[in-house]
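# Sharing a model prediction with you, sequence too.
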Amino acid sequence: MTTQTAARAWRAMRALVLEKHDRRAEVCQALDMSFIKVKALRRLAEGPLTMRELTDTLAIDKPYTTLVVDFLEDRGLVERSRHPEDRRCKVVTVTAAGAAEAAKAAAIIDAPPAPLLALSEQDATELDRILAKLAGD
């Protein structure tokens, strides 16, 4: 494959996901929160994290992580507790309400767009194989 062909394919993938079928605005409206808060909630739904781990996962600074967690905690979506082995650290855990909101977000974000659903089974299988290869699965 030429660099030009790869660049064209990359632009098409980016446009498809980030422009034509971007679900970020929809999920933000449905959950009434910013996308970084949605992203934090979805990540915490996978399992508890320390504040530092959440900061690293979201690639944001510590003060902003605190604001994000404060917001989610005020809504009853997460809880903070002391780390069992290091009292200086806080662990953030999703609540049942938070897990439900994270599932709602996942349903919106993970829903395939109409053009993908319109592909033949053969094309969809081939696309899935190629994307898995690109992702290293």
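Now that the structure is in, tell me what you want to look at.
# alpha carbons only for contacts and neighbour counts from here, please
OK.
# quick one: secondary structure of the most centrally placed residue in the chain?
Centroid-nearest residue in the chain: Lys39, 4.4 Å away (criterion: C-alpha atoms, centre = their mean). Here Lys39 takes the helix state, with states given by DSSP: H, G, I helix; E, B strand; the rest coil.
# give the contact list for it.
Shown in contact with Lys39 (C-alpha atoms under 8 Å, 6 or more residues apart in numbering): Leu58.
# what does the model give it for pLDDT?
Each residue has a pLDDT score; the one for Lys39 is 97.
# And it, how far from Glu19?
Distance of Lys39 to Glu19, given as C-alpha to C-alpha, to the nearest Å: 18 Å.
# got it, and Ala124?
With C-alpha to C-alpha as the criterion, Ala124 and Glu19 are 21 Å apart.
# Looking at the two, which has the bigger crowd around it?
Ala124 (14 against 11; other C-alpha atoms under 10 Å).
# For the more buried one, give me its contacts.
Ala124 touches Leu116, counting by C-alpha under 8 Å, 6+ apart.
# ok so it is a helix residue?
Yes - assignment of Ala124 by three-state DSSP places it within a helix.
# what about it, distance to Arg14?
Ala124 is 18 Å from Arg14, by C-alpha to C-alpha.
# any low-confidence regions in the protein?
Counting by pLDDT under 70, the chain contains low-confidence residues at 1, 137.
# let's see it at 80
Applying pLDDT under 80 to the chain flags the ranges 1, 86-87, 137.
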